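Enquirer: got a structure for you, letters missing:
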């Protein structure tokens, strides 16, 4: 009688029995995964539709003459975790946007000479007038912060996504 | 006529289709999450509906191929 090789004692499982999965099992597993992903998608939709929109308080940002034409001002709105940027163009018009790039969330910076908001991470660029993407990877516009001028003060009153 | 080879080919084709559906659903989940974080609520319902339809498609494909397989096993090749 032939002696069993020693490696068989260490590896007693035959290769064709080891973690063998049939095509039918794989198809069932994939379909189960498909169901789970559909459930996640429905859950995301429910969260989005039932969640309360963030409160947008009316908040004074600065005195209008604090921002020179071609200048900008950083502020936080509506919460302390939401960085925003207020820009004033050469004609004196004020516009404010979220400072978070819609590509991968880097902070955009004001480029007054190009009238744009540039993201230094991946060379993305947005219009400083309407927040629309001009160049680079971003495809969505920057959320606009509604700014009103009350007397000599600039006041944030809401967000337009 | 239904043969074992036909069943095998059909199963492989369905596997590829279901795998493709799962990849599309992964993309839909990523798009929905991105839209949720960007507060673009108009995107959420279409992606959820599309994902549900794709799930029904993959479930239907699985049901079809399993029933085909069962028929082949129980009744043998049909002329």
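Expert: Looks like it came in fine. Since the structure is predicted, the reported quantities are computational estimates derived from the model, not experimental observations. Numbering: from 1, shown residues only, chains lettered A, B, ... in the order given.

Enquirer: Phi first, then psi, for residue A:135.
Expert: The phi/psi pair for residue A:135 (degrees, to the nearest 10) reads phi -160, psi 160.

Enquirer: Surely it touches residue A:125?
Expert: Yes - look at residue A:135 against residue A:125 with Cβ atoms under 8 Å: they come within range, at 4.2 Å. The way it works is simple: take the backbone N, C-alpha and C, and place the C-beta from them, glycine included.

Enquirer: in chain A, what spans have low per-residue confidence?
Expert: Residues of chain A that meet the criterion pLDDT under 70 lie in A:1-2, A:16-19.

Enquirer: In chain A, what residue spans correspond to strands?
Expert: Per DSSP state E, chain A carries strands over the ranges A:59-63, A:72-76, A:83-88, A:94-98, A:109-111, A:116-119, A:124-127, A:133-135, A:144-150, A:153-160.

Enquirer: how about those in JSON lines, adding mean neighbour count?
Expert: Formatted as JSON lines, the strands of chain A follow (neighbours: other Cβ atoms under 10 Å in any protein chain shown):
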{"stretch": "strand A:59-63", "mean neighbour count": "14"}
{"stretch": "strand A:72-76", "mean neighbour count": "16"}
{"stretch": "strand A:83-88", "mean neighbour count": "21"}
{"stretch": "strand A:94-98", "mean neighbour count": "22"}
{"stretch": "strand A:109-111", "mean neighbour count": "17"}
{"stretch": "strand A:116-119", "mean neighbour count": "23"}
{"stretch": "strand A:124-127", "mean neighbour count": "21"}
{"stretch": "strand A:133-135", "mean neighbour count": "16"}
{"stretch": "strand A:144-150", "mean neighbour count": "16"}
{"stretch": "strand A:153-160", "mean neighbour count": "16"}
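
Enquirer: between the ones you listed, which one is nearest to residue A:51?
Expert: Taking Cβ to Cβ, strand A:153-160 is the member of the strands of chain A nearest to residue A:51, at 14.9 Å.

Enquirer: Now do that closest one and strand A:144-150, the angle between them.
Expert: Here the directions of strand A:153-160 and strand A:144-150 differ by 150 degrees (axes from the mean of the first three to the mean of the last three Cα atoms, to 10 degrees).

Enquirer: Point to the residue nearest the middle of chain B.
Expert: residue B:58 (1.9 Å; Cα atoms, centre = their mean).

Enquirer: wouldn't it be in contact with residue A:32 here?
Expert: No - using Cβ under 8 Å as the test, residue B:58 is too far from residue A:32 to be in contact (9.6 Å).

Enquirer: list the buried ones in the longest helix seen in chain B?
Expert: Counting by DSSP state H, the longest helix found in chain B is helix B:4-37. Residues B:7, B:10-11, B:14-15, B:17-19, B:21-22, B:24-25, B:28-29, B:31-33, B:35-36 are the ones in helix B:4-37 that count as buried (16 or more other Cβ atoms under 10 Å in any protein chain shown).
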